[in-house]
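Q: turn this into a structure:
(2 chains)
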Amino acid sequence: MTAVEDAPATTAPEREVGKARRRKEDARLITGRTTWTDNMVLPGMLHLAVVRSPVAHAKITNVDVSAAREAPGVVAVLTGRDLADEQGSIPCAWPVTPDMVNPGHPSVAVDEVNHVGEAVAIVVGRSRTAAVDALELVDVDYEPLPVVLDMEQALAEQPDLCHDHLQSNQSFRFVFDAGEAGTGQDTEQAFAEADVVVSRRFVQQRLIPAFMEPRAVVVQPQGDNYTMWSSTQVPHILRLMLAMITGIPEHKLRVVAPDVGGGFGGKLQVTPEEVLSLLVARRLGKPVKWVETRSESLMSAHHGRDQIQYIDIAADREGNVKGLRCRILSDMGAYLRLVSPGVPVLGAFMYVGIYKFPAYRFDCQGVFTNKTPTDAYRGAGRPEATFAIERIMDELAVELGMDPLELRRKNWIKAEEFPFTTAAGLEYDSGDYDTATQQALQLLGYDELREEQRRRRESGDPVQLGIGFSTFTEMCGLAPSRVLGSLSYGAGGWEHASIRMLPTGKVEVVTGSTPHGQGHETAWSQLVADELGVPFEDVEVLHGDTSVSPRGLDTYGSRSLVVGGAAVVNAAQKVIAKARKVAAHLLEASEDDLDFTGGSFSVRGTPGTGVSIQEIALATFAAHNFPEGVEPSIDADATFDPVNFSFPHGTHICAMEVDTETGFVKIRKYACVDDVGTIVNPLIVEGQVHGGLAQGIAQALYEEAVYDDDGNLTTGTFVDYLVPSAADLPHFDTGNTVHAAPGNPIGAKGVGEAGCIASTPAVVNAALDAVRHLGVSDIRMPLTPERVWRAVHLGGDGGDRAPDRTNAQAVDSAQAASIAQGGDL
Amino acid sequence: MSQISVRVDGVDYVDEVEPRTLLVHYLREQLGKVGTVVGCDTSNCGACTVHLDGEAVKSCTVLAVQADGAEVTTIEGVGRDGALHPVQKAFHEMHGLQCGFCTPGMIMASIDLLADNADPSEDEVREGIEGNLCRCTGYQNIVRAVQAAAAEMGTAEMGTGAQA
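A: Purely as a prediction, here's the structure:
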């Protein structure tokens, strides 16, 4: 990576923005002085443990808690029946269509369980061990119901039902048709007239966010006030939703996200356990704590991805793309959680990628199955879209006999064509795909590797080499409130910031964007130091507590810097405007005659005069000598709501060795050049890219949530769910191009999800490039040695790891053909 | 209940523990050493790594009674005289952490690795810390941090050697 060693040439050295500042957050994290939720101990605190369903679908006919209630150290045992009148439903904030079916989501099951791991009862103990010991004393009788696990089967004629009280297993059908929307041509006509049509079925396996800190909640009741500490990405959203669910007035609820150990979308949720902790604390009038085990986390915290994608691409013989048609099945699991239905919709407008498709149609069905609900996982919708388009571009290149990069280059938006409105109706703001690609090719050492590939191919080397591309873009900075409203999202997308100028000249910055590892405290300090001209060390960033930071929409969707950082910059500008009035008074000059540079106001043309903004802060505190009619405060708030998303882009190239004798795949080299707009802190940007790459590569090679045919999660521990270790991942060669985003005052585009969105198809394309000459045209993710070996030696895509019809994967060929041809999933 | 005597981060303790109590729970719940965290229940993630008589162990796999008579060092005890351990410092300098949850265990494992191999290659670092999972960093900056710490500790030792 060059960005760490070399400061971007465009940035003056004295500016904080662009500096590889070491993080302020680290001091407490590297010394074990952190405030994880599980570290909290309150006087008289009780501990919750959750009885969970061992069956995927059943009527609850009886729950006997008498033995558990008598167990030593047990204070109470509560069932769904006990809490039925007060628990409401876990909210779904994104009804993507007016007729979307939401079965309702009790925090603890009352009459019926719909997935393994669903809460059935809560044991409250004086210690955690007392509560856990009593779990097995709760005796639940289940009357089994048919288990629905396969999406295609779930939508077939007269299927078993995931929820008995619903008419079907479909939650919604969301269609975007560019012809109908007026953003493109008629798709059917484009396909009818095309020289070449390539159709593929891709499977996005089910993944688990697997944040390192297990979820934890502490609730303290104080009279009719409640404080909740939770390991959450979204304290503001959580507070609002808890108020709506429980009827506890919003102003009587305070939610605190202390240090949070990763989220990746997995803690963008209102969880059953948060609701239950609050209800139990209210009922017992005592502080309570719930901390999950890892196996509980893998089983009951929401999952991600899990889509079947039918992708058709149309082109002429010369390789000009003419149309794209996407039919998607998206597994919601058993219930709709906070933004479950919105995940595929976040991808709906990105399947066209960076290419100039004249026609585009997206047709997605949300499907219920008796599995853990799915929801946001790093990238949420956009990795799926990027995978589909970048995989099908390779398939089209093969069909046309073209170089995959030449095909991409022929069709991508040229640098001089920005801003460009795609067939999906989004206006891409800026970028230069060609330059990023050239740089990435150099980083990789492309020509040498192609030469080595040729040599290995010719000599029949058992270890073949392949090179795979992903030239991607994503919509980031989840924000524009009006756009989110037009997509029926239940909230806006603005972000809020406050700046408080303390009497000693130190600065408190309050951000509504709640971090969980991203480094807001450091990056926001850099922004404020530049804007106000104060030392980096003089800035403290506060966040994550609704009583400290009352307004905010939190951290997800690569939005923090792009929206939240922009709010901070705007608040700083307001502070300067207020301070200018005070400075004019103190310097006995007109406001118009004042310059503000390096943190000081001075009278233009009068050297030696000057008052710093930090001195003005003290003068404002004293308020002895203040301009007439001006309130004695230079603090300021700002709320930023951009008009458009931002569109980071990049070129990712993977070189992959495939051992055709063992099926073992090994990334030989991985190079990427990302354009995330203006870089505030190159160290943090690089770290975000690395982490995203690791997760995207893990989808391609390692991770998969597998269910057996009874609906049991068989990957419910870290023994079975393969989060990669250092030894499983390669060194990454990363670089940047910088095209400032026009839509926010920083020029940032967002970086949190980039690596995760881009990398997966590059890895799979590379593996296929290595073995395509052996007749392999697809290998199902993750590319385990077994699957790769089978694909090479037995044909097909490597097959299932799970039994038939359990993992949204197995489908008989007649049904697949009928679905592919019928067009109507 | 069983009585144990254990020295943790330089302080002697005599405590009653249930025989089934895990060392990590003893550290966190009885001693308030919450710098050491629990990340899984199968000894895969390594977030709970501490040193038991100088060797890295996953403290979720050790019973508290097994630490009877032993010396335990946690992340809270690796610094000396208010200064950071070179590995702690290197994690900060090289941006070897993001959310920081795996960091205490990762640092303890890295210190142990460097005790066995003072100058590890990139591959040796990757193999050496493969028992510790990180979900944020992609490991590259952790590897960089361990190698930077190795360089600094090597230099410091040479410095000491020269003086002696």
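
Q: sec struct for A:Val630, please.
A: Using DSSP: H, G, I helix; E, B strand; the rest coil, the structure places A:Val630 in coil.

Q: how much space between it and chain B?
A: To chain B, A:Val630 is 43 Å away according to Cβ to the nearest Cβ, to the nearest Å. Heads up, the C-betas are built off the backbone N, CA and C, glycines and all.

Q: neighbours of the residue nearest to that residue when sequence neighbours are not counted, just the number please.
A: Using Cβ to Cβ, 6 or more residues apart in numbering or on different chains and skipping residues adjacent in sequence, the residue nearest A:Val630 is A:Lys581, 5.5 Å away. Burial of A:Lys581 is recorded as 17 neighbouring residues (other Cβ atoms under 10 Å in any protein chain shown).

Q: next up, the contacts around A:Lys581.
A: Contacts were defined as Cβ atoms under 8 Å, 6 or more residues apart in numbering or on different chains; by that measure A:Lys581 touches A:Glu591, A:Pro627, A:Val630.

Q: what about stretch A:724-731, average pLDDT?
A: Across stretch A:724-731, pLDDT averages out at 98.

Q: where does the residue nearest to A:Val630 land in three-state SS?
A: helix.

Q: next, format the contacts of A:Lys581 as TSV and append pLDDT and neighbour count.
A: Below are those laid out as TSV (pLDDT from 0 to 100; neighbours: other Cβ atoms under 10 Å in any protein chain shown):
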residue	pLDDT	neighbour count
A:Glu591	96	15
A:Pro627	93	13
A:Val630	95	14
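
Q: which other helices and strands contact the helix or strand hosting A:Val63?
A: Assessed by DSSP states H and E, A:Val63 sits inside strand A:58-64. Here strand A:58-64 touches helix A:80-83, strand A:112-113, strand A:119-125, strand A:139-144, going by 3 or more Cβ pairs under 8 Å, 6 or more residues apart in numbering or on different chains; DSSP states H and E.

Q: direction included, what does it pair against?
A: Next to strand A:58-64 in the sheet, as set by DSSP bridges, lie strand A:112-113 (antiparallel), strand A:139-144 (antiparallel).

Q: need the longest helix for chain B.
A: Longest helix in chain B, counting residues (DSSP state H): helix B:140-163.

Q: could you chop chain B up by domain?
A: B:2-77, B:86-163 (automatic domain parsing).

Q: re earlier: now the strand holding A:Val63: buried residues?
A: Under the neighbour-count criterion of 16 or more other Cβ atoms under 10 Å in any protein chain shown, strand A:58-64 has A:Ala58, A:Ile60, A:Val63 buried.

Q: try stretch A:762-781
A: A:762-772, A:776, A:778-781.

Q: compute the number of surrounding residues for residue 152.
A: With no chain named, the answer covers chain A. Neighbour tally, A:Glu152, other Cβ under 10 Å: 20.

Q: please go with chain B instead
A: B:Glu152 has 15 nearby residues by other Cβ under 10 Å.

Q: all helices for chain B, in order.
A: B:23-25, B:86-93, B:103-116, B:122-128, B:140-163.

Q: present those helices as TSV; the columns should include distance to A:Pro54 and mean pLDDT.
A: Converted to TSV, these look like this (distance: least, Cβ to Cβ, whole Å; pLDDT from 0 to 100):
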stretch	distance to A:Pro54	mean pLDDT
helix B:23-25	26	98
helix B:86-93	41	98
helix B:103-116	31	98
helix B:122-128	38	98
helix B:140-163	38	82
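
Q: figure out which of those is closest to B:Thr74.
A: Smallest distance to B:Thr74 across the helices of chain B (Cβ to Cβ): 7.3 Å, for helix B:103-116.

Q: element containing the residue in the stretch 1-150 of chain A that chain B sits nearest to?
A: Nearest to chain B in the stretch 1-150 of chain A, going by Cβ to the nearest Cβ, is A:Gly32, at a distance of 1.9 Å. Per DSSP H and E: A:Gly32 is located in neither a helix nor a strand.

Q: quick one: contacts for it?
A: Neighbouring residues of A:Gly32 by Cβ under 8 Å, 6+ apart: B:Lys33, B:Val34, B:Gly35, B:Thr36, B:Thr74, B:Ile75, B:Glu76, B:Pro104.

Q: before we move on, what about A:Ala154?
A: Contacts here follow Cβ under 8 Å, 6+ apart; on that basis A:Ala154 touches A:Val148, A:Asp160, A:Cys162, A:Asn169, A:Val367, A:Phe368, A:Thr369.

Q: would CSV of the contacts of A:Lys581 with distance to B:Asp15 be doable?
A: Listed next are the contacts of A:Lys581 as CSV, based on distance: Cβ to Cβ, whole Å:
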residue, distance to B:Asp15
A:Glu591, 67
A:Pro627, 64
A:Val630, 62
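
Q: ok, so of those, who is nearest A:Glu686?
A: Nearest to A:Glu686 out of the contacts of A:Lys581 is A:Glu591 (Cβ to Cβ; 41.9 Å).

Q: I'd say that closest one and A:Arg580 touch.
A: Yes: counting by Cβ atoms under 8 Å, A:Glu591 does reach A:Arg580; the two are 5.3 Å apart.

Q: pull the number of nearby residues for A:Pro462.
A: Neighbour count of A:Pro462, defined by other Cβ under 10 Å: 11.

Q: over to A:Asn625?
A: Counted by other Cβ under 10 Å, the residues lying close to A:Asn625 total 9.

Q: return the residues in contact with it.
A: A:His585, A:Leu586, A:Ala619.

Q: cutoff 7 Å now
A: A:Leu586, A:Ala619 (Cβ atoms under 7 Å, 6 or more residues apart in numbering or on different chains).

Q: next one: phi and psi at it?
A: A:Asn625 has phi and psi values of phi -120, psi 90 when expressed as degrees, to the nearest 10.

Q: could you do A:Glu180 as well?
A: Per degrees, to the nearest 10, the backbone of A:Glu180 is at phi -70, psi -30.

Q: for it, give its distance to chain B.
A: From A:Glu180 to chain B the distance is 41 Å (Cβ to the nearest Cβ).

Q: quick one: contacts of the longest helix of chain B?
A: Residues contacting helix B:140-163 (Cβ under 7 Å, 6+ apart): A:687, A:690, A:726, A:731-732, B:86-87, B:90-91, B:93-96, B:106, B:110, B:113-114, B:118-120, B:122, B:125-126, B:129, B:134.

Q: filter the residues you listed to the buried ones?
A: A:687, A:690, A:726, A:731-732, B:86-87, B:90-91, B:93-96, B:106, B:110, B:113-114, B:120, B:125-126, B:129, B:134.
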